[in-house]
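[1] Okay, structure incoming, though there's no sequence with it:
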Ligand SMILES: [Zn+2]
């Protein structure tokens, strides 16, 4: 392992692009550089940004570009072997182009690893837990519900076509008040994301506030639903019954879904990401609700060993990787794959 080797992590998101370098032992080298994303302008515009960022990162720690021996990049869309399959909020020219190979060519043949943002975030959580070598399942409720799985040893499980771990779109059997499975942003009905995401929260608030018994609720004003969803956490923290009920239901359904994922993968460690990871205090309540759902759905052996009650079989932790997790995660993978 050569000390002069460095690896880049390029996290391409819909609103920001975050870039880092790690050294030969995988430690962050220099500062993260964050840029406003131009993904809607086509991939060439982003390539230009990434190249500039690489120049800045290497200059920042006084190394040359050819000391970067590998690049990891992640994209906010399903992809397979370097080719993006669905455009999400990207410009359409991202789809069908081999982004990985094109970018590698553009930077002089430096090898590139590419994956989706969920896997990258899971890899990041794995990379920052230096003493953890087992499996890791990330579940991250945000605007949608993302996730990823890292196998013991540190490789993301991506499936045959890069389509694995779409955790937001597994079935949730829960029905809305009208008896129907709610529609998901993916177009299907009955996805877990249709209950456990910011989008779901907005629907639930709207439906609850329309009920006569909630007509006096202080959130029943003229403010837009986005604002109400934003305020709901403060209400829950202040003990508001309706807010707690909405979050509790969401947490329980998420726990129910995680129980099924744990039953399939038995990862040993579940990391909860998304915005909630940043909310000290409230997140403890939320984790309690997740555990209610988890314990209802999973057999007790998925919580504790039936033989040794001191042995926890599934640990739950909040994400600790912060903003740079995905960039660090793909840099970590690039180092694993391309170091000498
Ligand atoms: Zn869906």
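    That came in fine, so what should we check first? Since this is a predicted model, take the numbers as computed values, not measurements.

[2] And the ion, is the helix or strand hosting residue 256 touching that?
    Assessed by DSSP states H and E, residue 256 sits inside helix 241-265. No - shown here: helix 241-265 not in contact with the ion (C-beta under 5 Å from the ion), separated by at least 12.0 Å. To be clear about C-beta, it is placed using only N, CA and C from the backbone, and glycine gets the same treatment.

[3] got the contact list for the helix or strand that that helix is followed by?
    Sequence order places strand 269-272 as the next helix or strand after helix 241-265, per DSSP H and E. Applying C-beta atoms under 8 Å, 6 or more residues apart in numbering, the contact partners of strand 269-272 are 122, 125, 132, 134-141, 258, 262, 283, 287, 290, 314-319.

[4] Strands of the stretch 1-150 of the chain, start to end?
    For the stretch 1-150 of the chain, the strands defined by DSSP state E, counting those that start in this stretch occupy 6-12, 16-22, 33-36, 68-75, 79-80, 83-84, 112-116, 136-141, 145-150.

[5] tell me what the first one is packed against?
    Think strand 6-12. The contact analysis (3 or more C-beta pairs under 8 Å, 6 or more residues apart in numbering; DSSP states H and E) places strand 6-12 against strand 16-22, helix 43-60, strand 68-75, helix 325-338.

[6] If you count neighbours, what's buried in the helix holding residue 256?
    Neighbour counts over helix 241-265 (16 or more other C-beta atoms under 10 Å) mark 242-244, 246-262, 265 as buried.

[7] what inclination does that helix have with respect to strand 136-141?
    Using axes from the mean of the first three to the mean of the last three C-alpha atoms, to 10 degrees, one finds that helix 241-265 and strand 136-141 are set 150 degrees apart in direction.

[8] who does helix 241-265 touch, helix- and strand-wise?
    strand 136-141, strand 145-150, helix 198-209, helix 225-237, helix 282-297.

[9] residues contacting the residue positioned nearest the centre of the chain?
    Centroid-nearest residue in the chain: residue 118, 4.2 Å away (criterion: C-alpha atoms, centre = their mean). Residue 118 sits next to 138, 140, 146-148, 165, 167 when contact means C-beta under 8 Å, 6+ apart.

[10] still on that earlier bit, now restrict the contacts of strand 269-272 to buried residues only.
    Neighbour-count burial (16+ other C-beta under 10 Å) is assigned, among the contacts of strand 269-272, to 122, 125, 132, 135-141, 258, 262, 283, 287, 290, 314, 316, 318-319.

[11] Spell out which parts of the chain neighbour the ion.
    Within the chain, the positions near the ion by C-beta under 5 Å from the ion are 169, 184, 186, 188, 191.

[12] Flag every buried residue along stretch 288-303.
    So, applying 16+ other C-beta under 10 Å, buried residues of stretch 288-303: 289-291, 293-294, 297-298, 302-303.

[13] Tell me which two of the residues you listed sit farthest apart.
    Maximum pairwise distance among the buried residues of stretch 288-303 (C-beta to C-beta): 17.4 Å, between 289 and 302.

[14] And the buried residues of stretch 288-303, which is closest to residue 56?
    Nearest to residue 56 among these, with distances taken as C-beta to C-beta, is residue 290, at 40.1 Å.

[15] per-residue pLDDT, that closest one?
    On pLDDT, residue 290 comes in at 98.

[16] low-confidence ranges in this protein?
    Per-residue confidence for the chain (pLDDT under 70) gives these ranges: 1.

[17] which one of the contacts of residue 118 is nearest the ion?
    Using C-beta to the ion, residue 167 is the member of those that sits closest to the ion, with 10.4 Å.

[18] ok, now which ones touch the closest residue in space to that closest one that isn't next to it in sequence?
    Residue nearest to residue 167 in three dimensions, not counting chain neighbours: residue 147, with 3.4 Å by C-beta to C-beta, 6 or more residues apart in numbering. Going by C-beta under 8 Å, 6+ apart, residue 147 touches 118, 122, 137-140, 165-168, 261.

[19] got the residues you listed as a markdown table, with distance to residue 217 columns?
    Below are the contacts of residue 147 laid out as a markdown table (distance: C-beta to C-beta, whole Å):
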| residue | distance to residue 217 |
| --- | --- |
| 118 | 35 |
| 122 | 38 |
| 137 | 36 |
| 138 | 34 |
| 139 | 30 |
| 140 | 29 |
| 165 | 37 |
| 166 | 35 |
| 167 | 32 |
| 168 | 29 |
| 261 | 34 |
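
[20] sorry, back to before: quick one: which of the strands of the stretch 1-150 of the chain is nearest residue 222?
    Between the strands of the stretch 1-150 of the chain, strand 136-141 lies closest to residue 222; by C-beta to C-beta that is 27.6 Å.

[21] what sits against whatever residue of the stretch 201-340 of the chain ends up closest to the ion?
    As assessed by C-beta to the ion, the ion sits closest to residue 257 within the stretch 201-340 of the chain, at 12.0 Å. Applying C-beta under 8 Å, 6+ apart to residue 257 gives the contacts 139, 167, 170, 172, 192, 196, 293.
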